[in-house]
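Trainee: no FASTA, just this:
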């Protein structure tokens, strides 16, 4: 059996190991991240960004709820742990800041605040693999969209301090910057995606924005998710708000070969799923051991489809059923133990493991959330629709 076949078999055998539910104040689970345990004794943590403007922290193994951070007055966008410290967690905020908390402390106060420029509204962010640079992307205000950068050093020993930006990139996108993703092993490389359809790769070691822009790829749609893939992570891919998929090879930039590996206008039409039940994409994950890229998609009733990507096209690996009862909005894949965390509009956080048996008798609840929380199912849907008229 090849590594890819083994990997696909493993993904298809994922079962629910643990389940946690927001019972007190139901909310959509919009983003999930897992810390890297700093010691052998530590089981690590899970952080979840919720639609009720809060971040919730859980034990990674048990999914027991540990604590919560409320961000008022701003809406939180995304959640990321520091790479070298499993107790430090970040989130971008619509109030023009990126906040950083230390979950070892009892305080609700952020230990570090990275402040943007006046009128900045941050809707995406990431921290690079060496924990030295934070970057956040803004909504378009008048004619301006920015990638804002900060020095992230010293985050754990300067409680409550505010950091000013190192600088910005302002010329490379002309609409909301929906996603930012630093390279997993090269701290100077970052990719950004926008509702303008562009996916830009930068080398931030360069002196100015023009020189830093290594490549501009066009998805021809509004970008909803971006990531790195391939050996040494030399490939970039994205999904779009109208369920498209694009995949590029940066290793071909200086060759005569085309950089596009695959461009699928609508994954729902390209993947054969029973009853046409692929309704949306959540994002992608690259599996290092198998050297294989996968997409996650789903249904409004909570089924999760795992889709394999190849240059020849896309194919369904398997479907995870019986977990969520509504649209899945977020996930996090853990390479170490081959587990998958998923969060949805049913306010449930699920941990899937190969061959797991759920020990809980809790029934899967179908949950209707008050309309005030029913945000746009896809960010920036409205701008897409107006563009298509």
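Mentor: Thanks, I have the structure now. Note that the coordinates shown come from a computational prediction; the quantities given were computed from them, not determined experimentally.

Trainee: mean confidence (pLDDT) on stretch 189-203, please.
Mentor: For stretch 189-203, the mean pLDDT works out to 98.

Trainee: now the closest residue to residue 12 other than its chain neighbours, which residues is it bridged with?
Mentor: Among residues not flanking residue 12 along the chain, residue 318 sits closest, at 3.4 Å (C-beta to C-beta, 6 or more residues apart in numbering). All C-beta atoms are positioned from the backbone trio N, CA, C, and that covers glycine. Beta bridges link residue 318 to residue 306, judged by DSSP bridges.

Trainee: residues touching residue 318, list them.
Mentor: By C-beta atoms under 8 Å, 6 or more residues apart in numbering, the contact list for residue 318 reads 8, 11, 12, 305, 306.

Trainee: pLDDT score for it?
Mentor: Per the predicted model, pLDDT is 88 at residue 318.

Trainee: quick check: it vs residue 172, distance?
Mentor: Note on residue 318: its distance to residue 172, by C-beta to C-beta, to the nearest Å, is 38 Å.

Trainee: same question for residue 236.
Mentor: 15 Å.

Trainee: residues of the longest helix along the chain that come out buried?
Mentor: Longest helix in the chain by number of residues (criterion: DSSP state H): helix 3-12. Buried residues in helix 3-12, counted by 16 or more other C-beta atoms under 10 Å: 4, 7, 8, 10, 11.

Trainee: shouldn't the third one be in contact with residue 310?
Mentor: No: counting by C-beta atoms under 8 Å, residue 310 is not a contact partner of residue 8; they are 11.7 Å apart.

Trainee: mind listing the helices for the stretch 101-250 of the chain?
Mentor: 209-212 (DSSP state H, counting those that start in this stretch).

Trainee: got any ranges where it has weak pLDDT?
Mentor: Along the stretch 101-250 of the chain, segments meeting pLDDT under 70 span 155-160.

Trainee: where along it do the strands fall?
Mentor: For the stretch 101-250 of the chain, the strands defined by DSSP state E, counting those that start in this stretch occupy 112-115, 122-127, 133-138, 147-151, 161-163, 167-169, 177-182, 189-194, 198-203, 213-218, 223-229, 235-240, 245-249.

Trainee: just put those in a markdown table and tack on mean neighbour count and distance to residue 299.
Mentor: Shown next, in a markdown table, are the strands of the stretch 101-250 of the chain (neighbours: other C-beta atoms under 10 Å; distance: least, C-beta to C-beta, whole Å):
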| stretch | mean neighbour count | distance to residue 299 |
| --- | --- | --- |
| strand 112-115 | 22 | 38 |
| strand 122-127 | 25 | 26 |
| strand 133-138 | 27 | 29 |
| strand 147-151 | 21 | 34 |
| strand 161-163 | 14 | 42 |
| strand 167-169 | 19 | 38 |
| strand 177-182 | 24 | 23 |
| strand 189-194 | 26 | 25 |
| strand 198-203 | 21 | 27 |
| strand 213-218 | 15 | 29 |
| strand 223-229 | 24 | 17 |
| strand 235-240 | 26 | 16 |
| strand 245-249 | 24 | 18 |
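
Trainee: possible to save the ones you listed as TSV with distance to residue 256?
Mentor: Converted to TSV, those look like this (distance: least, C-beta to C-beta, whole Å):
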stretch	distance to residue 256
strand 112-115	42
strand 122-127	32
strand 133-138	32
strand 147-151	31
strand 161-163	44
strand 167-169	29
strand 177-182	28
strand 189-194	23
strand 198-203	20
strand 213-218	16
strand 223-229	22
strand 235-240	18
strand 245-249	13
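
Trainee: of all those, which lies closest to residue 276?
Mentor: strand 245-249 (17.2 Å; C-beta to C-beta).
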